[in-house]
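[1] build me a model from this:
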Amino acid sequence: MANHPLREIKPLGMPWVTVDPFLFCVHHDDAYPRANGAFGPAASLAGRQIGQDFSQRDGWSMYHGTAVPGFPAHPHRGFETVTIVRKGLVDHADSLGAAARYGRGDVQWLTTGRGIVHAEMFPLFDTAQANPLQLFQIWLNLPAASKMAAPHFTMFWADAIPRLVTHDAAGRRTEVVTIAGALPGAGAPLAPPPDSWAARAAADVAIWTVAMQPGAEWTLPAAHSAATRRHLYFFAGGSVLVDGHRVDAPAALELAAEAAARLVNGAAPAEFLLLQGRPIDEPVAQYGPFVMNTQAEIAQTLADYRRTQFGGWPWPSPAPVHGADPARFARHPDGRLEQAGAGGANP
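    The predicted structure is shown next:
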C-alpha cells in the first residue's frame, strides 16, 4: 500500500491495540437486563465469578462489582483516563472526595498524576426494561514532567462537546464528535486538563468518534504533523472503502497521519473511534494501574501507595452509588457543583 493512507489493518481484539502516546483502549458494550431496584441486574448471578466477572455471559459482565456492575475503588498514578459514555450512566467517586454521575454522551477526563483512588460503578435504573451501557475508556500517558502533577478531573457534558455534521453530494450524513483536537467546522475545541499531553498544541492529540450513514462519504483530514501516529478503530458496521481499499468491520486501521483519507461507507451504518497524537517517546514502566518511566519509580509508587493510600478512601463503601435520582452532576473536591446541561460549563 505504498503512497496509500492505509498503513496496516489489525484485528480489533480486547483490549484494542494502541500506540504512544496512548496506553490502552477498551470498549465496554453491555446489554444489561432490567434493574432489580438496587442498581444491579434483575438476573441470577449464579455461575459468574463475582468480583472478577469479564465473561460477557448473556451479553453483559459484572466486572469487579459484586452487586452493582463496575469497578470499585482502585488506585492509579502517572497517566490519564478519558471515559466516553455513549449509553447508560457511570458513578465516579474518588479519594479527593469528588463525585460525579455522567453518561448519555458525556466524557470524564481524569489526570491521575501523583496518585488517586477512584471507583467507576455502572448503576442500573430502569426496572421495567433493559439498561444498555456502552463506553470507551482510553488511557493517555503523561510525560515524565507531568507524572507527579496534582490529580484533576474535568467533565465535558454532551451538549458542550463540539461536533461536525456533514452531508455528502447524495445527502448522506456523517457526524464527528471531537473530544480532543480541532476539526475545521466543528467549532472551538475543548481545553484538555492543564497537565495533559493533549494540552500541548504540538502533541497533535485527537480523540474523535465518527458515525456514517449507509453509503456516506467523508474525508478525514490530514493531521498537523507527519510525526503523529493515527489509528481508526472500525468497531461497528459492515465495510468501508479507505481511498478505495475495502476494510471489513471490526478492524483497527493504522493510517498515515500526513495524508487525508477518503472514507466511503458500505451498506450498513458505521462507527469509528479515532485516536491520534505525536509520541511522547519516553520509556514506559507499567505495573497494573501505575505507569511511570522506570522500575525504580514503580517501586516508589508501590511504597507510596502502601504508606498513604493516595489520601485514603472517604466513602462508606468501596463501590458508591449516588442515589436514585438519575440526574447527571459533578461535585469537585472544592465543593463546586456542576449539573449536566446547565450552560455547558466545562471548568
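
[2] for Asp30, which three-state class applies?
    strand (DSSP: H, G, I helix; E, B strand; the rest coil).

[3] quick one, what contacts it?
    By Cβ atoms under 8 Å, 6 or more residues apart in numbering, the contact list for Asp30 reads 56, 59-61, 69, 88, 122, 132-134. All C-beta spots, glycine's among them, are computed from the backbone N, C-alpha and C.

[4] let's see it at 6 Å
    Taking Cβ atoms under 6 Å, 6 or more residues apart in numbering, we find Asp30 in contact with 60, 133.

[5] same check, this time on His332
    So His332 contacts Ala98 (Cβ under 6 Å, 6+ apart).

[6] dihedrals phi and psi, it?
    The phi and psi values for His332, taken as degrees, to the nearest 10, are phi -80, psi 170.

[7] please apply the same query to Asn131.
    Phi and psi for Asn131, reported as degrees, to the nearest 10, are phi -130, psi 70.

[8] does it touch Phe122 like I think?
    No - Asn131 is beyond contact range of Phe122, at 8.6 Å (criterion: Cβ atoms under 6 Å).

[9] compare the two (neighbour count), which wins?
    With neighbours defined as other Cβ atoms under 10 Å, Asn131 and Phe122 compare such that Phe122 has more, 28 against 24.

[10] looking at the more buried one now. What's its pLDDT?
    In this model, Phe122 is scored at 98, pLDDT.

[11] residue contacts, it?
    Going by Cβ under 6 Å, 6+ apart, Phe122 touches 69-70, 133.

[12] closest one of the residues you listed to Lys147?
    Taking Cβ to Cβ as the measure, Lys147 lies nearest Gly70 of the contacts of Phe122, at 26.7 Å.

[13] hang on, the closest one packs against Glu120?
    Yes - if you go by Cβ under 6 Å, Gly70 and Glu120 touch, sitting 5.5 Å apart.

[14] these two: which is more packed in?
    Neighbours per residue (other Cβ under 10 Å) separate Gly70 from Glu120, with Glu120 holding more: 26 against 22.

[15] and that one, bridged to which residues?
    Legend: beta-bridge partners of Glu120 under DSSP bridges are Phe71, His92.

[16] how near is it to Thr228?
    According to Cβ to Cβ, to the nearest Å, Glu120 stands 29 Å off from Thr228.

[17] now do Val165
    Distance, Val165 to Thr228, by Cβ to Cβ: 25 Å.

[18] with Arg163 instead?
    Counting by Cβ to Cβ - Arg163 and Thr228 are separated by 22 Å.

[19] ok, Leu23 next?
    Counting by Cβ to Cβ, the gap from Leu23 to Thr228 is 17 Å.

[20] who's in contact with Ile280?
    When the contact criterion is Cβ under 6 Å, 6+ apart, the partners of Ile280 are 20-21, 141, 143.

[21] one step back: and Arg163 and Thr228? Which one has more around it.
    Taking neighbours as other Cβ under 10 Å, Arg163 and Thr228 compare with Thr228 leading, 21 against 18.

[22] so that one sits right up against Val205, yeah?
    No - using Cβ under 6 Å as the test, Thr228 is too far from Val205 to be in contact (8.7 Å).

[23] isn't Met62 up against Gly70?
    No - at 8.2 Å, Met62 does not count as touching Gly70 under the criterion of Cβ under 6 Å.

[24] beta partners for Thr174?
    Thr166, Met212.

[25] picking up where we left off before, take the contacts of Ile280 and keep only those in strands.
    Among the contacts of Ile280, the ones falling in strands (DSSP state E) are Asn141.

[26] what is the nearest of the contacts of Ile280 to Met292?
    Set against Met292, the nearest of those by Cβ to Cβ is Asn141 (10.1 Å).

[27] wait, what's in contact with the closest one?
    Counting by Cβ under 6 Å, 6+ apart, Asn141 makes contact with 21, 23, 79, 280.

[28] that one and Arg336, how far apart?
    In this view, Asn141 and Arg336 are 28 Å apart by Cβ to Cβ.

[29] and the contacts of Asn141 as CSV, adding distance to Gly266, pLDDT and secondary structure?
    Output for the contacts of Asn141, formatted as CSV (distance: Cβ to Cβ, whole Å; pLDDT from 0 to 100; DSSP: H, G, I helix; E, B strand; the rest coil):
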residue, distance to Gly266, pLDDT, secondary structure
Pro21, 32, 98, coil
Leu23, 32, 98, strand
Phe79, 36, 98, strand
Ile280, 36, 98, coil
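
[30] closest to Thr308 among those residues?
    Phe79 (18.7 Å).

[31] tell me the secondary structure for the nearest residue to that closest one once chain neighbours are set aside?
    Nearest residue to Phe79 in three dimensions, chain neighbours excluded: Val291, at 4.4 Å (Cβ to Cβ, 6 or more residues apart in numbering). The three-state label given to Val291 by three-state DSSP is strand.

[32] partner residues bridging Val291?
    Here Val291 sits in beta bridges with Gln286, going by DSSP bridges.

[33] so it sits against Glu80, correct?
    No - using Cβ under 6 Å, Val291 is not in contact with Glu80; the gap is 9.8 Å.

[34] more crowded one of these two?
    Glu80 (28 against 24).

[35] please name the nearest non-neighbouring residue to that one.
    Excluding the flanking residues, the one nearest Glu80 by Cβ to Cβ, 6+ apart is Leu140, at 4.5 Å.
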